[in-house]
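> predicted model and sequence follow; I will ask about them next.
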Amino acid sequence: MFTSVLMIEKPLTAADVEFVTTLHGDEQVSFVVLMQPRGDQADVLLRAIDDVALGELDEAVHEGAEPEGADALPVAEKGLDVSLKALRAAGCEAVGRVVEDHPLDLLKSVVDETGADEVIVLTAPHYVEEFFHRDWASRARHKVGVPVLKLFSHSE
């Protein structure tokens, strides 16, 4: 069985589930999902800049309206639960957890513990972070020792 560690920042959409579950054709895949809750105030600024770059001005204006930090934990747990159920409904094995701190350290330990074959980072575009190679995928490539695939999540 092929094992993928899937890093996400919001619940998977139906299109996301179909996308990640069909990447390897008919091969059976199990997923370890790591849900990263929303970050700190510096992340708010970067997300607002990304929203402006994408032409989503309304999103940029409301960027600080979502729960942040410790308040984001229950929202992340619910999003993780929804995502795990969707992957299981698609016929895959799926377990996961919410990232509480140091996402790349946790990613490395999960890859090592599970013998994962790959890491999939599924996020919205983060142009500022990507430009400076500070996004999760770029940073993970230097840390985990397995292939890292960066995909953009779908919106509903």
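Okay, I see it.
> for residue 22, give me the pLDDT.
Looking at residue 22, its pLDDT is 94.
> run a quick neighbour tally on it.
Residue 22 is flanked by 11 other residues according to other Cβ atoms under 10 Å. Every C-beta, even on glycine, is put in place using the N, C-alpha and C of the backbone.
> so what does it have for phi and psi?
Here the main-chain torsion angles of residue 22 (degrees, to the nearest 10) amount to phi -110, psi 0.
> lowest-scoring secondary structure element of this protein by mean pLDDT?
Among the helical and strand segments of the chain, the one scoring lowest on mean pLDDT, DSSP states H and E is helix 57-61, with a mean of 48.
> from residue 75, how far off is residue 145?
For residue 145, the distance to residue 75 equals 31 Å [Cβ to Cβ, to the nearest Å].
> which one's more surrounded, these two?
For residue 145 versus residue 75, neighbours defined as other Cβ under 10 Å are more numerous around residue 75 (18 against 13).
> that one: helix or strand, and which one exactly?
Residue 75 is part of helix 73-89 when elements are defined by DSSP states H and E.
> parallel or antiparallel, list what pairs with the next helix or strand after that helix.
Counting by DSSP H and E, the next helix or strand C-terminal to helix 73-89 is strand 93-98. Paired strands of strand 93-98, with direction, are strand 29-35 (parallel) (DSSP bridges).
> now do the partner strand and helix 73-89, the angle between them.
Using axes from the mean of the first three to the mean of the last three Cα atoms, to 10 degrees, the direction of strand 29-35 lies 170 degrees away from that of helix 73-89.
> report the buried residues of strand 29-35.
By neighbour count on 16 or more other Cβ atoms under 10 Å, the buried set for strand 29-35 is 29-35.
> ok, stretch 8-25 next?
8-13, 16-17, 19-21.
> cool, and stretch 84-91?
When burial is assessed from 16+ other Cβ under 10 Å, stretch 84-91 yields the following buried residues: 84, 86-87, 90.
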